[in-house]
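# This is the structure alone, sequence omitted:
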């Protein structure tokens, strides 16, 4: 979805190593199932207390246009256990670079 430009919000836990992530930074994603990559520019980073607040604040269609809010929340929480979510959530707005 990132490589297609359909996903504009990347969700991450607020790990200390992401503390200095800011607008203008470039992130390289590996395209799932391939050796190919794509690059995106960070447009903004917004902090939320939890994933529920993030999905409500950003809108689920920006995170995954193919899944409902509840499906996304369950999927994100399957990746990140409660102790990780307790660190806080980051909504990283991204734009695909050509």
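Right, received. Where do you want to start? Every value quoted in this text rests on a predicted model; they were computed, and no experiment measured them.
# just checking, residue 84 touches residue 13?
Yes: in this structure, residue 84 is within contact of residue 13 by CB atoms under 8 Å, at 4.8 Å. No exception for glycine: its C-beta is placed from N, CA and C like everyone else's.
# Find the residues that touch each one of the two.
Here residue 84 and residue 13 share no contacting residue, scored by CB atoms under 8 Å, 6 or more residues apart in numbering.
# so where is the chain shaky, pLDDT-wise?
For the chain, no stretch is flagged by pLDDT under 70.
# Would you mark the buried spots in the longest strand along it?
In the chain, with assignment by DSSP state E, the single longest strand is strand 37-48. Buried residues in strand 37-48, counting neighbours by 16 or more other CB atoms under 10 Å, are found at 38, 40, 42, 45, 48.
# For the residues you listed, give me TSV that also has distance to residue 63.
Formatted as TSV, the buried residues of strand 37-48 follow (distance: CB to CB, whole Å):
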residue	distance to residue 63
38	17
40	14
42	15
45	14
48	12
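# Mind jotting down where the helices sit in the chain?
Using DSSP state H, the helices found in the chain span residues 51-58, 60-63, 69-79, 82-85.
# Output these as CSV; include the columns mean neighbour count and distance to residue 98.
What follows is the helices of the chain, written out as CSV (neighbours: other CB atoms under 10 Å; distance: least, CB to CB, whole Å):
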stretch, mean neighbour count, distance to residue 98
helix 51-58, 18, 24
helix 60-63, 18, 21
helix 69-79, 14, 28
helix 82-85, 13, 34
